[in-house]
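> Here's a sequence, model it:
(one chain, ligands or ions: 1)
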Amino acid sequence: MSLQVAPVNGTHIHYSQSGPKNGPALVFANSLGTDLRIWDDVVDALSSTFNIVTYDKRGHGLSGIGDAPYDVALHANDLIGLLDYLGLDQVIICGLSVGGLIAQKVTELVPNRVRGLILCDTAAKLGDYDSWNTRIEAIKADGIASMGDAIMERWLSPTFRKERVLETAMYRDMLVRTTVEGYIGTCIALRDGDLRDAAAKIAVPTLCICGSEDLATPPDVVRATADMIPNAEFELIDGVGHLPCIETPELLTRLIDRFTKEKNLV
Ligand SMILES: O=C(O)CC1=CCC(=O)O1
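Okay, here's the model as predicted:
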């Protein structure tokens, strides 16, 4: 399939659409320093049922950088703009890390367009002001590669890094090839983004998922966000880090499949 691109909010958003166009729409929003390819295995498994959209948020992958720095609302409005472009009125959103923050913000901005949320390794507030500033300053001084190994330890479990050395190197490359402007722009969005008040108002079925080895958004942080969202469920995936879509796509697929069926979203 050829590359697909949409004009959104003054920049271009690279996206991919697969599965039946008349199926329930399921959109995946990726994390800081990754692109839409992290969902490939999950998309393959779910695309017989769902009308699936994956995309690169601005400053990442093949999307434009636009005007950096960003805030969470801008990222959320980009996703809403992409949904408008694709004519998708109502969607289920699966968001990973900052993608989960974007999913929560879309739900706050346009609640009637979101049918359900799957929040992977994310929270209503990620990290603190000082730690984001430390990362931003380090990257301004020495580039993303200077933090590449440390970030792999946050992303991937020790077992994955030991047993899947080449893939770990590949995901490190994905990270360090992100533009500095887009990466720092999104760190600023994370630094300033706080959706804790909005979490209590989420009124759609929500499943929060976390890997037990996640060092970026550890299980207690994700569980605390699940506790803020009315009737949200929480699932811990044992032995996996921050990116279950990469480490255990089969299990993530099963969780999405079960949740969407139980909540009558399919
Ligand atoms: O890079 C990390 O620490 C992991 C991460 C935090 C927010 C996000 O999207 O990824």
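> who touches the residue of the stretch 101-250 of the chain found nearest the ligand in this structure?
At 3.6 Å from the ligand, Ala216 is the closest residue in the stretch 101-250 of the chain, using CB to the nearest ligand atom. Heads up, the C-betas are built off the backbone N, CA and C, glycines and all. For Ala216, the contact set (CB atoms under 8 Å, 6 or more residues apart in numbering) comprises Ser97, Asp121, Leu126, Arg154, Trp155, His242.
> Same question for Pro218.
Pro218 sits in contact with Cys210, where contact means CB under 8 Å, 6+ apart.
> on that earlier part again, in the contacts of Ala216, find the pair that's most separated.
Leu126 and Trp155 (13.8 Å; CB to CB).
> which of those two has more neighbours?
Applying other CB atoms under 10 Å to Leu126 and Trp155 shows that Trp155 carries more neighbours, namely 29 against 24.
> thinking the more buried one is in contact with Gly241, fair?
Yes - using CB atoms under 8 Å as the test, Trp155 is close enough to Gly241 to be in contact (5.8 Å).
> in the stretch 151-266 of the chain, which spans are strands?
All strands of the stretch 151-266 of the chain, identified by DSSP state E, counting those that start in this stretch, fall at 206-211, 233-237.
> Just give the number of residues close to Asn30.
26.
> same deal with the one 10 residues further on?
Residue crowding around Asp40 was assessed by other CB under 10 Å; the count is 14.
> Can you give me the distance of it to His14?
Distance of Asp40 to His14, computed by CB to CB, to the nearest Å: 14 Å.
> Then Ala189?
For Ala189 relative to His14 (CB to CB), the value is 19 Å.
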